[in-house]
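J.: make a model of this:
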Amino acid sequence: MTLIQVSESAHIYASAETIYRLLSDYRTHHPKILPKEFTSLTVHEGGQGAGTVFTAEMNVMGNKSTYRMRVTELEPGRELMETDLDTGLFTTFTIFPLGKESQLKITTTFTRKPGFSGWLEGLMMPMFMRRIYRDELQRIDQYAQKLEKE
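T.: Prediction:
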């Protein structure tokens, strides 16, 4: 089994506290920073940080996927992880505080499928995921700045 890891990071002009608050709130804030490829986010349990269980649906180039995720807080206030309960795929959001600003890194790790389809997945998915994450990081930056002004 081959693991694939995809990461993107960006400077966010907001405090680590604000960023964590919006990322860990799956009922109000988190849905507002999702790129257009995410067609829905439905909370089934919790909704705030660790213990939250949600379903996210995505449509990437006509390929529809549903992920059933559980949230854990690896380091409360700094690192959040979403784990797909069916595939083991996991995404971490890691915040590096820089005073009143922050660096945010999104990393997804998943197991590549076997055979030719897996080879193709390993070639194409990182490119699409990085594009989606760049969009998401930009949305987080804009939304977090708006939150800090409220």
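
J.: ok, which stretches of this protein are helices?
T.: Secondary structure of the chain (DSSP state H): helices located at 16-24, 115-149.

J.: I'd like the ones you listed as JSON lines, with mean neighbour count appended.
T.: Placement of C-beta: from N, CA and C, glycine included. Shown next, in JSON lines, are the helices of the chain (neighbours: other C-beta atoms under 10 Å):
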{"stretch": "helix 16-24", "mean neighbour count": "21"}
{"stretch": "helix 115-149", "mean neighbour count": "15"}
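
J.: so which of those helices is nearest Gly99?
T.: Comparing these by their distance to Gly99 (C-beta to C-beta), the top pick is helix 16-24, with 9.5 Å.

J.: next one: stretch 124-138 to chain centre, how far?
T.: Centre-to-centre, stretch 124-138 and its host chain are 10 Å apart (C-alpha atoms, centre = their mean, to the nearest Å).

J.: er, stretch 90-97 I mean
T.: Here the centre of stretch 90-97 is set off from its chain's centre by 9 Å, with C-alpha atoms, centre = their mean.

J.: need the residues that contact that stretch.
T.: 15-16, 19-20, 23, 74, 77-84, 102-110 (C-beta atoms under 8 Å, 6 or more residues apart in numbering).
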